[in-house]
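> What shape does this take:
(one chain, ligands or ions: 1)
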Amino acid sequence: MCGIIGYAGPKNIESILLVGLERLSYRGYDSSGIAIISDGELSYWKKTGKIRELEKMLRNLSIKGSIGIGHTRWATHGEPNEMNAHPHLGPNKKVAIVHNGIIENFSVLKEELIKNGHIFRSDTDTEIVAHLIESYMDLGLVQAVESATTHLKGSYAIAAIAEAEPDKIVVCRHGSPLIIGLGKGENLVSSDINAILPHTKQIVLLEDDELAVITPSKVTYKIINGKAITKKSQHIRWDALTQEKSGYETFMLKEIFEQPNVIRQLISKMVVADKQIKLKHIKLGQKDLASITRIIIQACGTSWHAGLYTKYLMENYARILTEVDISSEFRYRQMLTHGNDVVLALSQSGETADTLACLREAKSKYFKVLALVNVKGSSIDRESDGVMYSYAGQEVGVASTKNYVAQLVAMYLFSLHMGRIKKLISPQELAEKISEIKRIPDHIEHILAQTDKIKAIAKKYANSQEFLFIGRGVNYPSALEGALKLKEISYIHATGYPAGELKHGPIALIDSKLPVVCIAPKTHTYEKMLSNIQEVRSRKGRTIIVASESDTELPKYADDLITIPDVSEDLTPILVAVPLQILAYEIATQLGCDVDQPRNLAKSVTVE
Ligand code: M6R
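Numbering: from 1, shown residues only. The predicted model follows:
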């Protein structure tokens, strides 16, 4: 996790670093800091809280300098306070570094350094690296960094500056991303292309175990503790993403309301002439796709829920055995391969560390790796054999909304495509299904028009201590997603369950205080859901029912009712997601929570 920015050049360094940090805050936002070399002197500022706190602190200082580094943190080692915020300094404050990743052997290293008389100011793993670099400074900054890395186990992207060499930033990486931006008379480094794009579109991707020396006029490269290398730059064709709330109170609300257009755009990219699905970047021919015998989906969080949904569709339409695994679990198990297996990674950011690690592990075991990502140019995008995009546009709110719905639509179309390739779906069936999904954006607009009604329901339940979400079949993932949305932004405990499992344990939770969100649109398990809802009511649970508009039965059993337009079973999760997002959003805002940047979270989880 954590975001790194570095700048070497003549412009206003404070503003470049702060704007860069703001753009990186999706990677963590519990504290931040910058270090600058000005007139040969190293100075640093750190602050707990969001980037705006650091900004306030710096507001009346006139900071000058042409070399600087900045960092936004998501705490791993040591609580989020000023002392643990980056940059970290060597014992004599002559070297400052920012770091992304985890130094796994930090406690052994720390003990050794303490024995040698080092005194530490923080609880972080990073400070050890700063001490090591400073202890090697007799060798010069580049070699000091290289020597320090020989002690490190784990993952790191490091940017270091030193008072003794005030004209450069030395950066290196092992397992965490670093991108160099090449400007005119200025150069930058960051964890993410998007923090660089406002300055230059010419970038160099640093690979693992490479090091770069960045000055305002040039960048040189070498292998860490190895020879000098040359690296090719590439031109990025897309523009810097903008982060505008466009009149909405929060990014999350804006992103919820963007969903109809996101889906329209996605369908226009994936569907040709209303009757064919095209996967422009998948790089596998129809023959290769038709020969796939098993798909192993890899994902985390909300993307994992989209993966669970995909399993139903892929098995239904294409009859391909599909497994769905949480990446942090899959990567530490035996990856058994049989037949023509394909690993499919789902990720909004394309940077989730566990998903990326699975992808790399799978590739090393000769699996073909496909991916569905939202962020172009992300690591998962670059490293997959073939890719699909969810075209959701930039998602700033930490809680995934529009990208989830886009993932469901993309996977629906992908499954139909696979079914068609395998001749399990006729051209006419495909055209009918495409015609139905094209109406989804209008249906979402219809649901969004019910926001005030859902807000009133949210008000009624906002003070509940916990929630249960239940659903079946394709809407079991909807229950998991509804619960995740609520807990991550409102801090209310919420659990999602397959409704059929209620009687195997969770039913013990039900009493007159427990709101149970029952996801029960018209599907082939509707009757079963009806029984489950009765079981909840018999135990005095409070039922918030999500039902199909045409349903005349369920309103009788609902304390509160939310309806969605009638659609085919496999499309119901796409619609169900929307009122559950609004419900979570309205509860969280009632409680005064920061929905865009909830506590303890980061938009992109770039450490294990
Ligand atoms: O970027 P990814 O889709 O790989 O992220 C996976 C999860 O970290 C993410 O979905 C997370 O669960 C969200 N906060 C959910 O809203």
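
> residue contacts, E165?
By CB atoms under 8 Å, 6 or more residues apart in numbering, E165 lies in contact with G140, L141. To be clear about C-beta, it is placed using only N, CA and C from the backbone, and glycine gets the same treatment.

> Who is it paired with across the strands?
With DSSP bridges as the criterion, E165 is bridged to A162.

> shift numbering so it begins at 35
With 35 as the first residue, the last one maps to E199.

> Distance check, it against the ligand.
37 Å (CB to the nearest ligand atom, to the nearest Å).

> Check V223 too.
22 Å.

> How about the secondary structure of that residue?
Following DSSP: H, G, I helix; E, B strand; the rest coil, the label given to V223 is strand.

> Can you read off the pLDDT for it?
For V223, the model assigns a pLDDT of 98.

> Same question for the one 3 residues further on.
The predicted local confidence for D226 comes out at a pLDDT of 87.

> and the nearest residue to K127 once chain neighbours are set aside, bridged to which residues?
Leaving aside its sequence neighbours, K127 sits nearest to L76 (CB to CB, 6 or more residues apart in numbering; 6.6 Å). Beta bridges link L76 to I71 when assigned by DSSP bridges.

> can you pull the contacts of L76?
Counting by CB under 8 Å, 6+ apart, L76 has contacts A69, I70, L123, K127, K128, V129, A130, I195, A196, E197.

> P121 too?
G67, I68, A69, Y78, K80, I103, G104, H105, A130, I131, V132, A164.

> switch the cut-off to 6 Å
G67, A69, Y78, A130, V132 (CB atoms under 6 Å, 6 or more residues apart in numbering).

> Report the secondary structure state of the closest residue to P599 other than its chain neighbours.
Closest residue to P599 apart from its sequence neighbours, by CB to CB, 6+ apart: H477 at 4.3 Å. Of the three states, H477 takes helix under three-state DSSP.

> Would you check how far apart H477 and H558 are?
Separation of H477 from H558 (CB to CB, to the nearest Å): 20 Å.

> for the ligand, what are the nearby residues on the protein?
334-337, 381-383, 386, 389, 432-434, 518, 522, 638-639 (CB under 6 Å from any ligand atom).

> change it to 5 Å
Residues of the chain lying close to the ligand (CB under 5 Å from any ligand atom) are C334, G335, T336, S337, S381, Q382, S383, T386, A433, S434, V639.

> what's the pLDDT at the second one?
Model confidence at G335, expressed as pLDDT, equals 97.

> in this structure, what residue is nearest the ligand?
G335 (1.9 Å; CB to the nearest ligand atom).

> just to revisit the earlier point, mind checking which of the residues of the chain next to the ligand land in helices?
Of these, the ones assigned to helices by DSSP state H are G335, T336, S337.

> about what we covered before: just give me the closest of the residues of the chain next to the ligand to I227.
S383 (12.0 Å; CB to CB).

> Could you pull up the contacting residues of L625?
A496, S524.

> same check, this time on K84
By CB under 6 Å, 6+ apart, the neighbours of K84 are Y63.

> how close does it get to S66?
8 Å.

> Show me where the stretch 135-284 of the chain dips below the pLDDT cut-off.
275-276 (pLDDT under 70).

> change it to 80
Applying pLDDT under 80 to the stretch 135-284 of the chain picks out residues 272-278.

> In it, mark out all the helices, start to finish.
Counting by DSSP state H, counting those that start in this stretch, the stretch 135-284 of the chain has helices at residues 140-149, 160-169, 175-183, 227-230.

> Would you tell me which one of the ones you listed is buried the most?
Mean neighbours per residue, mean count of other CB atoms under 10 Å, is largest over these for helix 160-169, with a mean of 26.

> the inter-axis angle of that one versus helix 175-183?
130 degrees (axes from the mean of the first three to the mean of the last three CA atoms, to 10 degrees).

> Check which helices and strands helix 160-169 is in contact with.
strand 122-123, strand 129-137, helix 140-149, helix 175-183 (3 or more CB pairs under 6 Å, 6 or more residues apart in numbering; DSSP states H and E).

> which other residues reach that helix?
By CB under 6 Å, 6+ apart, helix 160-169 touches 122-125, 128-129, 131, 133, 140, 143-144, 147, 152, 154, 178-179, 182, 185, 194.

> Which residues are in contact with A517?
F503, A528, T529, G530.

> so which of these is the most crowded?
Counting by other CB atoms under 10 Å, F503 has the largest number of neighbours within the contacts of A517, with 29 neighbours.

> what about the residue lying closest to D243 once chain neighbours are set aside, distance to R207?
Nearest residue to D243, sequence neighbours excluded (CB to CB, 6+ apart): I258, at 5.1 Å. According to CB to CB, I258 stands 9 Å off from R207.

> More neighbours: these two, which one.
R207 (28 against 16).
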